[in-house]
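Participant: the sequence isn't on hand, but the structure is:
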C-alpha cells in the first residue's frame, strides 16, 4: 500500500511540531459532546430494523429483508473460517426471525431512556436474538448522556448485554455478521466508553474478513470507532485503506472526513489514500459544510500531509459569513485554525475570517478552544491585536474556568506574538475576584450583617437612643 507509520493511535505523538495538536486532541476526548469532532451521533447509521405496517396475515417469510435486518443466530461453539473471503454464507442455517423478536425490536427502538432499554433487556433476555442485542446496545449509545455512561457501564444488566454480544461475535463464523452489524457494535461500544480489547480484536477480525462488503457509511463508522477507542487494528486499517481507494467516489463529505480522521489517528499514513481523498474533496467541495471542511483539514494536519491545493481551496470558501452560519461555529473555527497552523499553510485571509468570527462570540467557546485558538495563531505567526485583546478580556472574566495548562498556553501565545501579558498576570485558575461563588458568598454575608443590625436596632427599648 505504500503506507508509512507515524505515531500510534493512543498517544498521537507526532513529534514536537504537533505537540499542541496532541494536547488539543486529548482535550477533545476529555470533553466529548455529541457535536464534537470527529463525529456526531446523528451520523450513526440507522439499523434499518423498523417494521413497516403490515397485515397480520402476511407471513414472516414474505417480509422484505430490509424490514428486519436479521443476522444468523450465533451458536456458542468453534468458529470456522469460510473458504471464500468476504462471503456472507455461513455454516449455520439462516432462519426467519420470530414474530416475538420483531416486537422486541420495536420495543427497544421506541424506548427513549437507558433505564427503559435495560428493563426490556432484563425482562426478555432469554428470548433475544442477535439483532435484538445489537439494537439494545446501539439504542443505549444513542440515548445515554455523558454523565450517565459511567453508571451505565457498571450496571449488571449492561455488563450482561455486552458479555453476551462478545460471546456471539467470538463464536460466530467469519462472514456471518453483516457489515452493518459490525459497524453498529463498534460505534456503540466506543460511544459508551467500553474498554474491551478482546471484543474489539474479534470485531476487527470479522470486519477485515468482510471489508469488501462494507458500504461507505459502515466503513467510515467502523474506522472512526476503532480509531477513537484506541484499538486501531493494523490489518483492518491496511485492508480498509485499499477498499476506500477503490470506492472513494461513493463517499459523502462527512464519511470522507470521518474516514480520513480515523486513518490519520491510526498512525498509518498512506500517501495515495490521502491524495485520493483530497482529489475527490476538491471535485465536490461545494457539497461540503464548514464542519466537514474543518474535520477534513484537521485530519490532514494530524497525518502530517498538508495538501496545499486542498487547503487553499477550502480557505477561499471559508468566508466570515460561511463560518458564522455553522451550527457548531466554535468547534469549526478552532479546528480550522489548528489545521492551517499545524500544516504550515499560512493564509492571512482565513486567519482574518477566523479572528472576526471568533472575536464576536468568544463567550461560546470552551476554555481549551480559546487556548487552542491563541496557540494556533502563535504557531502560524499571525498577529491579530483585536482578537487577542478580546481573548484577554474573556480570560479576565472566566479565569476560574481555565486549567493551569490552558492559561500557560494562552500566555505563551501572547509572548510569542509580542503582546503584553501584564493584564494576564493577575489571572489564575480559581481567581477569587472573578469567581461567581465568591461574589455570592460576599453578598450573602453582607446581607446577613445588615439584617442582624436592623434586628438589633428594632430590639432596643423605645427610650434608648438609636
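Facilitator: Right, received. Where do you want to start? Model, not experiment: these values are computed from the prediction.
Participant: pLDDT (mean, whole number) over the helix or strand hosting residue 134?
Facilitator: Residue 134 belongs to helix 130-143 when assigned by DSSP states H and E. Averaging pLDDT along helix 130-143 yields 96.
Participant: same question, stretch 294-310
Facilitator: Mean predicted lDDT for stretch 294-310 stands at 94.
Participant: buried ones in that stretch, by neighbour count?
Facilitator: Across stretch 294-310, burial judged by 16 or more other Cβ atoms under 10 Å covers 294-307, 310. The way it works is simple: take the backbone N, C-alpha and C, and place the C-beta from them, glycine included.
Participant: span of that stretch from start to end?
Facilitator: 12 Å (Cα to Cα, to the nearest Å).
Participant: farthest pair in the buried residues of stretch 294-310?
Facilitator: Greatest spacing in the buried residues of stretch 294-310, by Cβ to Cβ: 294 and 304 (17.7 Å).
Participant: can you pull the buried residues of the helix holding residue 134?
Facilitator: Neighbour-count burial for helix 130-143 [16+ other Cβ under 10 Å]: 130-143.
Participant: what's the helix or strand following that helix in contact with?
Facilitator: Note on helix 130-143: by DSSP H and E, the next helix or strand toward the C-terminus is helix 146-154. For helix 146-154, the external contacting residues (Cβ atoms under 8 Å, 6 or more residues apart in numbering) are 32, 33, 114, 140, 144, 158, 159, 192, 193, 194.
Participant: most neighbours, which of the residues you listed?
Facilitator: residue 140 (26 neighbours; other Cβ atoms under 10 Å).
Participant: so that residue makes contact with residue 189?
Facilitator: No - the pair residue 140 and residue 189 does not pass the contact test of Cβ atoms under 8 Å, sitting 10.3 Å apart.
Participant: show me what the helix holding residue 134 is packed up against.
Facilitator: Contact here means 3 or more Cβ pairs under 8 Å, 6 or more residues apart in numbering; DSSP states H and E; on that basis helix 130-143 packs against helix 99-110, helix 114-124, helix 156-171, helix 179-191.
Participant: now the angle from the third one to helix 146-154?
Facilitator: Which is helix 156-171. 70 degrees (axes from the mean of the first three to the mean of the last three Cα atoms, to 10 degrees).
Participant: elements contacting helix 156-171?
Facilitator: helix 114-124, helix 130-143, helix 179-191, helix 197-209.
Participant: wait, which of those helices is closest to residue 341?
Facilitator: Once the helices and strands packed on helix 156-171 are compared by Cβ to Cβ, helix 179-191 is nearest, at 28.1 Å.
Participant: and that closest one, average pLDDT?
Facilitator: 96.
Participant: centre of the chain to that helix, how far?
Facilitator: 14 Å (Cα atoms, centre = their mean, to the nearest Å).
Participant: same check, this time on stretch 338-355
Facilitator: The answer for stretch 338-355 is 23 Å, by Cα atoms, centre = their mean.
Participant: what's the answer for stretch 120-135, then?
Facilitator: For stretch 120-135, the distance to the chain centre is 27 Å (Cα atoms, centre = their mean).
Participant: can you point out the buried residues in the biggest helix by length in the chain?
Facilitator: The longest helix of the chain (DSSP state H) is helix 436-459. By neighbour count with 16+ other Cβ under 10 Å, helix 436-459 contains no buried residues.
Participant: what is the mean pLDDT for that helix?
Facilitator: Here the average pLDDT along helix 436-459 is 71.
Participant: then stretch 379-388?
Facilitator: On average, stretch 379-388 scores 95.
Participant: show me where pLDDT drops low in this structure?
Facilitator: 1-97, 423, 425-442, 460-466 (pLDDT under 70).
Participant: would you list every one of the strands in it?
Facilitator: In the chain, the strands defined using DSSP state E lie at 3-5, 268-270.
Participant: give me the sheet partners of the last one and which way each runs.
Facilitator: Translated: strand 268-270. According to DSSP bridges, strand 268-270 forms sheet pairs with strand 3-5 (antiparallel).
Participant: now residue 162: how far from residue 134?
Facilitator: For residue 162, the distance to residue 134 equals 11 Å [Cβ to Cβ, to the nearest Å].
Participant: that older thread, quick one: which two of the contacts of helix 146-154 are the most distant?
Facilitator: 33 and 159 (25.4 Å).
Participant: residue 300 against residue 264, yeah?
Facilitator: Yes - between residue 300 and residue 264 there is a contact under Cβ under 8 Å: 7.3 Å.
Participant: which stretches of the stretch 301-450 of the chain form helices?
Facilitator: For the stretch 301-450 of the chain, the helices defined by DSSP state H, counting those that start in this stretch cover 308-317, 320-324, 329-343, 348-360, 367-380, 385-397, 404-416, 436-459.
Participant: how about these in a markdown table, adding distance to residue 224?
Facilitator: Output for the helices of the stretch 301-450 of the chain, formatted as a markdown table (distance: least, Cβ to Cβ, whole Å):
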| stretch | distance to residue 224 |
| --- | --- |
| helix 308-317 | 20 |
| helix 320-324 | 24 |
| helix 329-343 | 16 |
| helix 348-360 | 26 |
| helix 367-380 | 21 |
| helix 385-397 | 32 |
| helix 404-416 | 27 |
| helix 436-459 | 38 |
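Participant: looking at those helices, which is closest to residue 234?
Facilitator: So among the helices of the stretch 301-450 of the chain, helix 329-343 is nearest, using Cβ to Cβ, at 24.9 Å.
Participant: report all helices and strands that the closest one contacts.
Facilitator: Helix 329-343 packs on helix 19-30, helix 290-302, helix 308-317, helix 320-324, helix 348-360, helix 367-380, going by 3+ Cβ pairs under 8 Å, 6+ apart.
Participant: for the closest residue to residue 245 other than its chain neighbours, give its distance to residue 322.
Facilitator: The shortest distance from residue 245 to any non-neighbouring residue, by Cβ to Cβ, 6 or more residues apart in numbering, is to residue 276 (5.1 Å). Separation of residue 276 from residue 322 (Cβ to Cβ): 26 Å.
Participant: now do residue 396
Facilitator: Distance from residue 396 to residue 322, by Cβ to Cβ: 31 Å.
Participant: mind listing what the closest residue to residue 300 other than its chain neighbours touches?
Facilitator: Distances taken as Cβ to Cβ, 6+ apart place residue 307 nearest to residue 300, at 5.8 Å, with adjacent residues excluded. Contacts for residue 307 (Cβ under 8 Å, 6+ apart) come out as 274, 275, 278, 300.
Participant: circling back to that earlier point, from the buried residues of stretch 294-310, pick the one nearest residue 418.
Facilitator: residue 301 (25.1 Å).
Participant: number of nearby residues for residue 322?
Facilitator: Residue 322: 15 neighbours (other Cβ under 10 Å).
Participant: would you mind measuring from it to residue 292?
Facilitator: Counting by Cβ to Cβ - residue 322 and residue 292 are separated by 12 Å.
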